[in-house]
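Q: Dropping the sequence and predicted coords here.
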Amino acid sequence: MSEIIFEVREDEVDGGYTATALGYGIHTQGDTVEELRAMVKDAVKCYFDENEQAPKIIRLHFVRDEVLVQ
């Protein structure tokens, strides 16, 4: 595998960010984008053991909900 994709959402109530890997049981969070990046790298490193090669590319897909009121 060469790439893993994380869906990232901003927590509008408490602040910070949560990230969930698509197709894998990897979840993590961070207070800032910089902290989230570090936490995602660490989570991927921990998830893939020595027998399973970790992906070379980690893609963060930021999802933003926008509410329109009429």
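A: Alright, I've got the coordinates. Numbers count the residues shown, from 1 in each chain.
Q: Pull the number of nearby residues for residue 32.
A: The local packing of residue 32 (other Cβ atoms under 10 Å) involves 11 other residues. For the C-beta atoms, the positions are set from N, CA and C on the backbone; glycine is no exception.
Q: Residue 57: what's it in contact with?
A: With Cβ atoms under 8 Å, 6 or more residues apart in numbering as the criterion, the residues that contact residue 57 are 2, 3, 4.
Q: What sits closest to the first one if chain neighbours are left out?
A: What sits nearest to residue 2 in space, not counting adjacent residues and going by Cβ to Cβ, 6 or more residues apart in numbering, is residue 56, at 5.3 Å.
Q: and what of the last one?
A: Once its chain neighbours are removed from consideration, residue 4 has its nearest residue in residue 55; the separation is 4.3 Å (Cβ to Cβ, 6+ apart).
Q: any low-confidence regions in this protein?
A: Counting by pLDDT under 70, the chain shows low-confidence ranges at 1, 51.
Q: now the helices: where do they sit in it?
A: Using DSSP state H, the helices of the chain run over residues 33-47.
Q: So which residue is dead centre in it?
A: Nearest residue to the geometric centre of the chain (Cα atoms, centre = their mean): residue 19, 3.0 Å.
Q: what number of residues lie near the closest residue to that residue other than its chain neighbours?
A: Nearest non-adjacent residue to residue 19, counting by Cβ to Cβ, 6+ apart: residue 6, 4.3 Å away. By the measure other Cβ under 10 Å, the count of residues near residue 6 is 22.
Q: related to what we said a few turns ago, out of the contacts of residue 57, which are buried?
A: Burial by neighbour count, 16 or more other Cβ atoms under 10 Å: within these this picks out residue 4.
Q: Between the contacts of residue 57, which sits nearest residue 25?
A: Within the set of these, residue 4 lies nearest residue 25; the separation is 12.0 Å, counting by Cβ to Cβ.
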